[in-house]
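Visitor: Kindly return the folded structure for what I paste below:
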Amino acid sequence: MIITPIEHDVAREGADPAELLIKEARQKARRRRLRIGALLTTALAFVVALLALVAGGVPSSTKGTTGNQPARTVGANTSSVVIPHFNEPQAIAVSGSHVWIENMAGNSVTELNAKTGALVRVIDAKSDAFHHPDGIAVQGSHVWVTNGNQEFGMGTSNYPLAKNSSVTELNASNGSLVRVIDANTDHLLAPGPIAVSGSHVWVLNANTAQSATSTPMNALIELNASNGSLVRIFKTGVDGLNGSLNLTATRSDVWVTNAYPYDDSVSEINSTTGSLVRVIRPTAGELLAPDGIAVSGANVWIANIREGDNSVTELRTSNGSFVRNIKARAGKFNGLLDIAAEGRHVWVTNGNGYESGGNTNSVSELNATTGSLVRVIKAKTDGLYGPTAIVANDSKLWILNISSVTELNAGNGSLVRVIK
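Guide: Predicted coordinates:
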């Protein structure tokens, strides 16, 4: 394991097979979610239409991009018998008594009651500027949603700037619009994963891969959580940010996974100063297209998604040193898409739900102390079908599936409920 300071990569000529492999890995999670999503679009549209009729229609909303305006909702404060509106859900966030799910195809955000699983509201107002929402984060009374991501595109030529790239901030108490932060002001290039820590909002841009013909692009954007203003911009090729896939943030650090060819790495950035702490690069294949990342106590856990090499890497938060690499056979992995960690537990989603063979439609739980396999949760009754995202919160485990949410007991993996 080599830990290096800031380093600039040199652009490579030609289309290297390794580069094509990593580009494939970067889009793997999105394609997996959308393959089934495309097949279900017609059926979902029919169901949604029926739900709209049952709900008695949707009230209109006030136009605008700033201020605390009322959000357009469906089924607000309804009982648990009302079916929540899921339309190609991509990301999930949990805070206190709220569960928030963003729907890419539905251009909306669904809020659930974390205690009962009941639908609270579906926010889909045009004034909230939802445009293919892709990432979501919650902190206190604020909900942050990234918009403008797209299925294809990775550079300035082949992967153009997505239209309507923005970040929408909502009031977590009532779902009302706080503000819309647009691309022109804050240099958002198809923003995707988002994390919040203290007074900082961190947004990872999707269209930021370095190539022989492109100039460094805006890889990571830091915003002020109190007013949405731009704090700083991190470019590709700086702080090890190359082909960045995912991120997580604590009060002290931001951890970013990078999958650019020949340089699979993790960047650790000081969340207070924005300065580089270290870039962690493998020497023996410990990181292979690193994607999902989670921090819990003294450990950083990373899901490696490269085809045929699914594994989980554990690092130390104190110095970035390598602890262990858990391979697919030992951890029962198949198509890793997301990872969560809390206390003595680490959970990984296995999202190859529509592909034959292997351990699919499941969640693997690891012992955070030893890295050993605790259990594989894959019962059909748990509603696990193409699980793509996972969040641990207050003794509960929330798993986002193709068109549902599974809630499990984090202590023993038992089913609490399936919300469809």
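Visitor: hey, where'd the strands end up in the stretch 101-250 of the chain?
Guide: 108-113, 119-123, 135-139, 142-147, 166-171, 177-182, 191-197, 200-205, 218-224, 230-235, 244-249 (DSSP state E, counting those that start in this stretch).
Visitor: Report pLDDT for Val348.
Guide: At Val348, the model reports a pLDDT of 93.
Visitor: what's near enough to touch it?
Guide: 292, 303, 312, 331, 333, 336, 338-339, 363-364, 366, 390 (Cβ atoms under 8 Å, 6 or more residues apart in numbering). Yep, even glycine has a C-beta here, placed from its N, CA and C like the rest.
Visitor: Alpha carbons of stretch 269-276, as CSV, please.
Guide: Extracted as CSV, the C-alpha positions of stretch 269-276 are listed here (Å, rounded to 0.1, in the frame of the first residue of the first chain):
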residue,chain,number,x,y,z
ILE,A,269,-9.7,15.5,2.0
ASN,A,270,-9.9,17.6,5.1
SER,A,271,-13.5,18.7,5.3
THR,A,272,-12.7,21.9,7.2
THR,A,273,-9.9,23.3,5.0
GLY,A,274,-10.4,21.4,1.8
SER,A,275,-6.8,20.4,1.8
LEU,A,276,-5.6,17.0,0.7
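Visitor: got the contact list for that stretch?
Guide: 5-6, 197-198, 200, 202, 220, 222, 231-232, 234, 239-240, 249-256, 267-268, 277.
Visitor: Going through those residues, which ones are buried?
Guide: Buried by 16 or more other Cβ atoms under 10 Å: 197, 200, 202, 220, 222, 234, 239-240, 249, 253-256, 267-268, 277, out of the contacts of stretch 269-276.
Visitor: Dump the strands of the stretch 101-250 of the chain into TSV; add mean pLDDT as well.
Guide: Below are those laid out as TSV (pLDDT from 0 to 100):
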stretch	mean pLDDT
strand 108-113	94
strand 119-123	93
strand 135-139	95
strand 142-147	93
strand 166-171	92
strand 177-182	89
strand 191-197	92
strand 200-205	92
strand 218-224	90
strand 230-235	90
strand 244-249	93
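Visitor: So in terms of bridging, what pairs with Leu336?
Guide: Asn350 (DSSP bridges).
Visitor: Distance check, it against Asn304.
Guide: 7 Å (Cβ to Cβ, to the nearest Å).
Visitor: that older thread, and the buried ones among the contacts of stretch 269-276, which is closest to Ile181?
Guide: Glu222 (12.0 Å; Cβ to Cβ).
Visitor: Bridged to that closest one, which residues?
Guide: Assigned bridge partners for Glu222, using DSSP bridges, are Trp202, Arg232.
Visitor: quick one: it and Trp202 touch, right?
Guide: Yes. Between Glu222 and Trp202 a contact is recorded at 5.8 Å, counting by Cβ atoms under 8 Å.
Visitor: shared neighbours of those two, anything?
Guide: By Cβ under 8 Å, 6+ apart, no residue touches both Glu222 and Trp202.
Visitor: quick one on the thing from earlier: of the strands of the stretch 101-250 of the chain, which approaches Leu373 most closely?
Guide: strand 244-249 (22.9 Å).
Visitor: can you list contacts of that closest one?
Guide: So strand 244-249 is in contact with 26, 193, 195-197, 200, 202, 204, 208, 219-220, 236, 254-259, 267, 271, 289-295, going by Cβ under 8 Å, 6+ apart.
Visitor: After it, which helix or strand is next?
Guide: The C-terminal neighbour of strand 244-249 among helices and strands, as given by DSSP states H and E, is strand 253-258.
Visitor: And that next one, what does it pack against?
Guide: Identification of packing neighbours for strand 253-258 by 3 or more Cβ pairs under 8 Å, 6 or more residues apart in numbering; DSSP states H and E yields strand 200-205, strand 244-249, strand 265-270, strand 290-296.
Visitor: one more time with 7 Å
Guide: strand 244-249, strand 265-270, strand 290-296 (3 or more Cβ pairs under 7 Å, 6 or more residues apart in numbering; DSSP states H and E).
Visitor: what inclination does that strand have with respect to strand 191-197?
Guide: Put simply, strand 253-258 runs at 160 degrees to strand 191-197, going by axes from the mean of the first three to the mean of the last three Cα atoms, to 10 degrees.
Visitor: Could you list the paired strands of strand 253-258 along with their orientation?
Guide: Strand pairing (DSSP bridges) places strand 253-258 next to strand 244-249 (antiparallel), strand 265-270 (antiparallel).
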